[in-house]
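Participant: coords please:
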Amino acid sequence: MSAPRNNLEILPRGVQVALALALVALVAFPFMATDYYAEMVARMMIMAIFAMSLDLLQGVSGLVSLGHAAFFGIAGYALAFLTPASEPVSLWWSLPLAVLGSGLAALVIGFFVVRTHGIYFIMVTMAFAQMVFFMFFDNRALGGSDGLYVNFKPDATLFGVGLFDLDNKRSFYFFTLACLVCTYAFLRRLLFSPFGRALAGIRVNEHRMRAMGFGTFGYKLGAFSIAGALAGLAGYLWGAQTGYVNPELMGFHMSAHAIMMVILGGMGNFAGAIVGAFAFEYLLHVFKDLPTVGSVHLGKHWQLWMGLFIVAVVIFAPRGLLGLAERLLRRKEAGDE
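Facilitator: The predicted structure follows:
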């Protein structure tokens, strides 16, 4: 089966219009909502960046990683270590440094893991992530199990001019939105570049790509490194927003959440990762707030309801929510004809 049939790479016009309207809604949202809800949506956008970074591996390259959260956490910790105790750190050098750190960590780890395939790749990525997790968890010099506080949000002053203030929740919201849009634009351009087409070919049939003369190891290592750097961008924003990082950011459950977001929205086009991240985070709040019926507190068992929902999506919409929307649009167009 060809890659375009497996993954909804080319978005139908109706889906593109819906995404454009969603962007307009995101721009208008902080002017209509309270700071609490604006902060919640900003967190959803951060997780959407994280999910898109995994989609580059899982959806485009066919590499399922259970250790992707390690790069998310590394950048968060980088921000915590770079921020002085008495003043904020500059956004303009700490952000590139944190992203570069995550990318370099992904390059080193990827040098070993992309040599493996299938279940072995999954297990080795999880093993490396657990090594990173326990390196921070057991080391008091790195914060230990208690984690570290980020006392100040990064300073956006450039050449003595304060461009914006990340302490302002609205400014932070729009900075996160800009990062989301830039990440999406970059990945969509990458998807249809020769590099992205090679990755899609590797996902479909790596042996054939190797026989055609493609150095598949280099392509996969490049994708792994780029995905790690983008996960670092999300981790940096997470640390800046919450003001706190701990080893749980690198835990298996964070990687599993990102995998579920990608599956939920639809793999291989990055828009699905955004939809999946927003849907997952929204459903997380809905299921946690379920009422108590008799002696059963339904919200306490939110993992059960989330699991059932993911199973239903996989069965009835195997290409995710975005693929389901595309199928409904086609039916509507066929009915109109």
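Participant: Pull stretch 233-244 out as PDB, backbone CA atoms only.
Facilitator: Output in PDB follows, covering the C-alpha atoms of stretch 233-244 (Å, rounded to 0.1, in the frame of the first residue of the first chain):
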ATOM      1  CA  LEU A 233      11.400  23.300  21.900                       C
ATOM      2  CA  ALA A 234       8.200  22.000  23.500                       C
ATOM      3  CA  GLY A 235      10.100  21.100  26.700                       C
ATOM      4  CA  TYR A 236      11.600  24.600  26.900                       C
ATOM      5  CA  LEU A 237       8.200  26.200  26.600                       C
ATOM      6  CA  TRP A 238       6.700  23.800  29.100                       C
ATOM      7  CA  GLY A 239       9.400  24.700  31.600                       C
ATOM      8  CA  ALA A 240       9.000  28.400  30.900                       C
ATOM      9  CA  GLN A 241       5.200  28.200  31.400                       C
ATOM     10  CA  THR A 242       5.100  26.000  34.500                       C
ATOM     11  CA  GLY A 243       8.200  27.300  36.200                       C
ATOM     12  CA  TYR A 244       9.100  23.700  37.300                       C
END
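Participant: Next one: A20 from G14, what distance?
Facilitator: 11 Å (C-beta to C-beta, to the nearest Å). To be clear about C-beta, it is placed using only N, CA and C from the backbone, and glycine gets the same treatment.
Participant: Tell me which of those two has more neighbours.
Facilitator: The neighbour comparison of A20 against G14 (other C-beta atoms under 10 Å) goes to G14, with 15 against 10.
Participant: mind listing what that one touches?
Facilitator: With contact taken as C-beta atoms under 8 Å, 6 or more residues apart in numbering, G14 is in contact with A325, E326, L329.
Participant: In the chain, which helix is the longest?
Facilitator: For the chain, the helix with the greatest residue count under DSSP state H is helix 216-242.
Participant: quick one: A22 and I122, what's the gap?
Facilitator: From A22 to I122 the distance is 32 Å (C-beta to C-beta).
Participant: what do you get for P84?
Facilitator: 40 Å.
Participant: Mind checking which of those two has more residues around it?
Facilitator: Shown here are P84 and I122; by other C-beta under 10 Å, I122 has more neighbours (17 against 9).
Participant: and that one, that's in a strand?
Facilitator: No - under DSSP: H, G, I helix; E, B strand; the rest coil, I122 sits outside any strand and is assigned helix.
Participant: I figured it was touching G62, is that so?
Facilitator: No - in this structure I122 lies outside contact range of G62 using C-beta atoms under 8 Å: 11.7 Å.
Participant: The closest residue to T292 other than its chain neighbours: neighbouring residues, count only.
Facilitator: Residue nearest to T292 in three dimensions, not counting chain neighbours: L298, with 6.7 Å by C-beta to C-beta, 6 or more residues apart in numbering. Per other C-beta under 10 Å, the neighbour tally for L298 reads 16.
Participant: wait, doesn't L298 sit right on L290?
Facilitator: Yes - using C-beta under 8 Å, L298 is in contact with L290, at 3.7 Å.
Participant: Common neighbours of those two, please.
Facilitator: W305.
Participant: residue contacts, M261?
Facilitator: Residues near M261 by C-beta under 8 Å, 6+ apart: M47, A48, A51, L54, A273, G276, A277, A279, F280.
Participant: any idea which of those residues has the most stuff around it?
Facilitator: A273 (35 neighbours).
Participant: Verify the stated contact: that one with A48.
Facilitator: Yes - using C-beta under 8 Å, A273 makes contact with A48 at a distance of 6.5 Å.
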